[in-house]
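> 3D, please:
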Amino acid sequence: MTHPSKHFPLAALSLACTLLAGCGGGDAEAPPSAAVNAGGTSQPAGPDTVAPTMVSIANNVSADPATGAVTFTFVFSEDVGVSFTADDVTVTGGTKGAFERLPGGTQATLVVTPTPNSTGSIAVSVAAGAFADLAGNANSSPATAQKAYDTTVAAPPPVATGTALATFDETPALPVVGFNGAEGTTVEAGPAGGGTGKAIKILRAGGDVFAGAFVTTGTIPFTATSKTITAKVFSPKAGVPMVVKVEGPAGATSGDTAATTPVVAGWQTLTWNFNTLDLTKVYNNFVMLPDLGTVSPVTGESYYFDDITLGGVAAGGAGGATGGGTPGADMGSFGPVTIPVATANDGIGFILAGDAIFASDYAGTAEPGGNLAAYANAVTAGPANGGNIGYFNDPLLDTSAQKLDLGGWVSGSNLDPAGIHNFFRFYVLTGPASTFASSFLGLYVNSPSNGTVDVSTYGNIKFKLWGPAGQYEAAPFVNPAIEIVLAGPKVAGCTTGSGGTEITKTFTADQHIGAGSTYKVSLAGWSVKGTCGADTAGTAVQAVLSKLARVAFTMPAASFNFSVQNSGTPVSFSSGINLGPVAFTNL
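Next up, the predicted model:
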C-alpha cells in the first residue's frame, strides 16, 4: 500500500515570510527607500508622522437583530501596541465584557452584552486621540458602529429524547473534572433557557489550547444503532467548534468529534455522531473541549453543557460530526474584513505584489501517531489570516468495509518552516468505484479573520494543490476533477451546504509535478450552485465575490483511485486533497 509522504519540506516553494507579519520570522523589512505600515501603504523613509486610523469596526453576529452578546472587532491601519483599551470604547445600549488585543497590534475585540429584556441598538464609539501608533501619533478621526438587538424573546431550546447520560442534577453528583486551564469548572445553575436545574460550567482561563472538562457518566450504552450524542450547549461566541469525545479504560477513545455553535450567548442543541466507534470497548467518560485550538483570555470564558443524551436527535438541532456532512454554516460569516494584499513578490512567482492573500499559512497541533491535524479547530496563522479551516466528506467513506486507511495533517510554518504550508485529507479504498458513486471528500478555508472579504476586483483565484502520489503521480495516473465552491456569508434559513449563496467551477488537476502544483482559475464563467436571501441566479456571482466567506475544494468519488493490478498484484492507492496557500490575482 502506498501512503502519502508526511511533509513537503521544499524550501524553494515556501511562501516568503516577508509577506505577512507573524508567519514565523517577525516583522517584514521594508525596502530602504520606503517604510510600509500595517495597512499596506507606503510612506517616505524617516520619522513616522502618519496618524493611525480605525479601518473598521465589525461584529460577529450575522443575524439582525442580535439576541445575545455581540463581539466587536476593531481593526487599525497599523500597530497601536497597548495604547487601545476597553476604556477607549464608549458603549450605549449594552454592558462591556471581555476585552482582548490580538497578536500583531492591529486588531482588538470587545464583547458587549445588550440590555436584557429590551429592544434597541448597541452603539460603540472611539474618540479622536484615543489610541496611538508605535511612534506616538494619535488617531485624528473618531469611529462608530451600531448593532440592533432584541432580547425580549428567547425561543426554548429543542427537547432531546433518548438515554440521559448527565443532567448534572444527579444524586450523588457525577464526578466532574476541569483540566489544562479549565480547573475552575463547576456544576451550578446555568443561564436561563437551558435545561432544568444545574449544568456544568466549563471556565476556560488561559491554559492550553485543549483546556476542557470531563464527566464520568458510567458505562455509556452505545449500540450499532445508537451512536449519537446530543447536549444543550451555551457558548459566549458563535462559530466555534464544540469538540467532544468519549473515553474509557485501557486507552479506549473515540477521537475528537466537532459540532459548530450557531448561536452567540444562547442555548442550542448540538449533535455528535460516533459512527466509527469500536463497540467492543467500554466508554465511561464524556470529554468536552469547547473552542478547541485556541487559548482563552486569562479573564475567562464560560461554556455550559447540560442534558447530555445518548440516541437523542433533537428537532431543530444544529451542528454535525467532524468527518461527515458539510462544515458548520456559521463559520466564515462574522462580518467584513479587509483582505491582506501583498506589497512585494515572494521571489518564487506564486505571490506577486498586488495579490490578495486569502490564506498563506496553516497551524496545527501534534497528535498521537504523527498526524498534525486538528481539522475543525485548526486555524490559519495571525489575525490577518485567522479564518478556520476544516474538511468534510460522505460518512460512507468512514464506515465502509472497503476503507483501508484514512488520515491527514495540518502543517504550517510553526511545524515546518522550510516547507509548503498546507493541510491534507486522504483515504485508501478498495473498489469497485460504484460502491461510492455519491461520495466525496474536500477541504475548506474561511476568509481571513473569519469574516467576509471583497475579491470582486480580481480576475483569478490561484492556489497550490496536490495530493497522494498514488493518485496524482503513480501509474495509472488519475487526473482528478476538483470542484471549487465559493460561498457568501450565512443567511438565516438557507439550506445550502455552507448556509450562504454558492457559486462553483470544476477544473482538472492535471499537473504531474507532485508537491506544490500551482493552479490559476478565472473568476469568469462560474455556475450558481445555490442562492440565499435576496440573491438571485443573476446576482449570485457578484454577491459572493463582493462578500466572500469561504473557499472549498471538493473531489467526487469518480476521481478516486481504487485498487489496481500491478503485474498481477493488487496495489491500493490513496485518494486525497492537499491544499497549500490560496490567493486572488489580476496577473
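> where does the stretch 151-300 of the chain have low pLDDT?
Low-confidence segments of the stretch 151-300 of the chain (pLDDT under 70): 152-161, 238-239, 260-266.
> which residue ranges of it form strands?
Using DSSP state E, counting those that start in this stretch, the strands of the stretch 151-300 of the chain run over 163-166, 176-179, 186-189, 198-206, 212-216, 228-235, 241-247, 257-260, 266-273, 285-290, 296-310.
> quick one, which of those gets closest to Lys403.
strand 266-273 (16.5 Å; Cβ to Cβ). (Each C-beta comes from the backbone N, C-alpha and C, glycine too.)
> which elements pack onto that closest one?
Judged by 3 or more Cβ pairs under 8 Å, 6 or more residues apart in numbering; DSSP states H and E, strand 266-273 is in contact with strand 228-235, strand 257-260.
> what lines up beside the shortest one in the sheet?
Each strand that pairs with strand 257-260, with its direction, by DSSP bridges: strand 241-247 (antiparallel).
> what's the angle from the partner strand to strand 285-290?
160 degrees (axes from the mean of the first three to the mean of the last three Cα atoms, to 10 degrees).
> what's the angle between strand 241-247 and strand 296-310?
Using the same axes, to 10 degrees: strand 241-247 against strand 296-310 is 60 degrees.
> any residues touching strand 241-247, and which ones?
214, 220, 229, 231, 233, 235, 253-261, 270, 272, 274, 277, 283-293, 303, 319, 322, 328, 376-377, 388 (Cβ atoms under 8 Å, 6 or more residues apart in numbering).
> before we move on, the earlier item: what's the closest of the strands of the stretch 151-300 of the chain to Val61?
Closest of the strands of the stretch 151-300 of the chain to Val61 is strand 266-273, at 10.6 Å (criterion: Cβ to Cβ).
> related to what we said a few turns ago, so how do I select the buried members of the contacts of strand 241-247 in PyMOL?
The following PyMOL line selects those of the contacts of strand 241-247 that are buried, judged by 16 or more other Cβ atoms under 10 Å:
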select buried, resi 214+220+229+231+233+235+253+254+256+257+258+259+260+261+270+272+274+277+283+284+285+286+287+288+289+290+291+292+293+303+319+322+328+376+377+388
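> quick one: what helix or strand has Ser125 in it?
Following DSSP states H and E, one finds Ser125 within strand 119-126.
> okay, now the unreliable bits of the stretch 301-450 of the chain?
Residues of the stretch 301-450 of the chain meeting the criterion pLDDT under 70: 312-334, 347-348, 363-387, 395, 414-418, 431-434.
> that one: helices as residue ranges?
Shown for the stretch 301-450 of the chain, the helices assigned by DSSP state H, counting those that start in this stretch span residues 395-399.
> strands of that one, start to end?
Using DSSP E, counting those that start in this stretch, strands in the stretch 301-450 of the chain cover 356-359, 389-393, 403-411, 422-429, 440-446.
> relative to strand 440-446, how tilted is the fourth one?
Going by the same axes, to 10 degrees, strand 422-429 is angled at 170 degrees with respect to strand 440-446.
> number the residues from 41 up from this point.
With the count now opening at 41, the last piece we talked about shows up as strand 462-469.
> tell me the buried residues in the strand holding Ser165?
For strand 159-166, a neighbour-count test (16+ other Cβ under 10 Å) marks 160, 162, 164-166 as buried.
> thinking again about what came up before, out of the strands of the stretch 341-490 of the chain, flag the one nearest Ala509.
strand 462-469 (10.8 Å).
> how far out from the middle of the chain is that closest one?
Centre-to-centre, strand 462-469 and its host chain are 18 Å apart (Cα atoms, centre = their mean, to the nearest Å).
> tell me which other helices or strands that strand touches.
strand 429-433, strand 443-451, strand 480-486, strand 614-625.
> buried stuff in that strand?
So for strand 462-469, counting by 16+ other Cβ under 10 Å, buried means 462-469.
> hang on, the earlier thing: okay if I get the helices and strands packed on strand 462-469 as TSV plus mean neighbour count and distance to Asn179?
Shown next, in TSV, are the helices and strands packed on strand 462-469 (neighbours: other Cβ atoms under 10 Å; distance: least, Cβ to Cβ, whole Å):
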stretch	mean neighbour count	distance to Asn179
strand 429-433	25	34
strand 443-451	20	37
strand 480-486	24	29
strand 614-625	25	30
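> CA atoms only: put stretch 215-227 into PDB for me.
This file holds the C-alpha atoms of stretch 215-227, laid out as PDB (Å, rounded to 0.1, in the frame of the first residue of the first chain):
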ATOM      1  CA  PRO A 215     -17.600  13.300  39.000                       C
ATOM      2  CA  VAL A 216     -16.600  16.400  37.000                       C
ATOM      3  CA  VAL A 217     -13.000  17.500  36.400                       C
ATOM      4  CA  GLY A 218     -11.600  20.500  34.600                       C
ATOM      5  CA  PHE A 219      -8.100  20.400  33.200                       C
ATOM      6  CA  ASN A 220      -5.300  22.400  31.400                       C
ATOM      7  CA  GLY A 221      -6.700  25.800  32.000                       C
ATOM      8  CA  ALA A 222     -10.300  24.900  33.000                       C
ATOM      9  CA  GLU A 223      -9.600  23.900  36.600                       C
ATOM     10  CA  GLY A 224     -12.300  26.400  37.700                       C
ATOM     11  CA  THR A 225     -15.000  24.200  36.200                       C
ATOM     12  CA  THR A 226     -18.100  23.800  38.400                       C
ATOM     13  CA  VAL A 227     -21.600  22.500  38.400                       C
END
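> for it, give me every contacting residue.
Outside stretch 215-227, the residues that touch it by Cβ under 8 Å, 6+ apart are 208, 213, 238-248, 250-256, 335-336, 340.
> check stretch 524-532 too.
Stretch 524-532 is contacted from outside by 102-103, 369-370, 372-373, 492, 501, 536-547, 561, 566, 569, 572-573, 575, 583-585, 587-594, using Cβ under 8 Å, 6+ apart.
> got the buried residues for that stretch?
Residues of stretch 524-532 classed as buried by neighbour count (16+ other Cβ under 10 Å): 524-531.
> which SS state does Gln582 fall under?
Three-state call for Gln582 (DSSP: H, G, I helix; E, B strand; the rest coil): helix.
> show me the contacts for it.
Gln582 neighbours (Cβ under 8 Å, 6+ apart): Ser496.
> for it, give its distance to Asp575.
Gln582 is 9 Å from Asp575, where distance means Cβ to Cβ, to the nearest Å.
> now do Thr558
From Thr558 to Asp575 the distance is 31 Å (Cβ to Cβ).
> the two: who's more crowded?
More crowded of Thr558 and Asp575, by other Cβ atoms under 10 Å: Asp575, with 21 against 17.
> look up phi and psi at that one.
Dihedral pair for Asp575: phi -70, psi 150, per degrees, to the nearest 10.
> per-residue pLDDT of it, please?
We have a pLDDT of 88 for Asp575.
> mind checking how far it is from Gly169?
42 Å.
> what's the answer for Ala564, then?
From Ala564 to Gly169 the distance is 47 Å (Cβ to Cβ).
> between those two, who's got more neighbours?
Taking neighbours as other Cβ under 10 Å, Ala564 and Gly169 compare with Gly169 leading, 13 against 9.
> and the more buried one, helix, strand or coil?
coil.
> partners of the nearest residue to it once chain neighbours are set aside in the sheet?
Ranked by Cβ to Cβ, 6 or more residues apart in numbering and with sequence neighbours excluded, the top spatial neighbour of Gly169 is Ala178, at 4.8 Å. Judged by DSSP bridges, the bridge partners of Ala178 are Ala172.
> and the residue nearest the centre of this protein?
The chain has Asn428 as the residue nearest its centroid, 2.1 Å off, counting by Cα atoms, centre = their mean.
> quickly list what Gly134 is bridged to.
For Gly134, the beta-bridge partners are Pro154 (DSSP bridges).
> hang on, I meant Phe116
Taking DSSP bridges as the rule, Phe116 bridges to Met94.
> how much space separates it from Val90?
Counting by Cβ to Cβ, the gap from Phe116 to Val90 is 12 Å.
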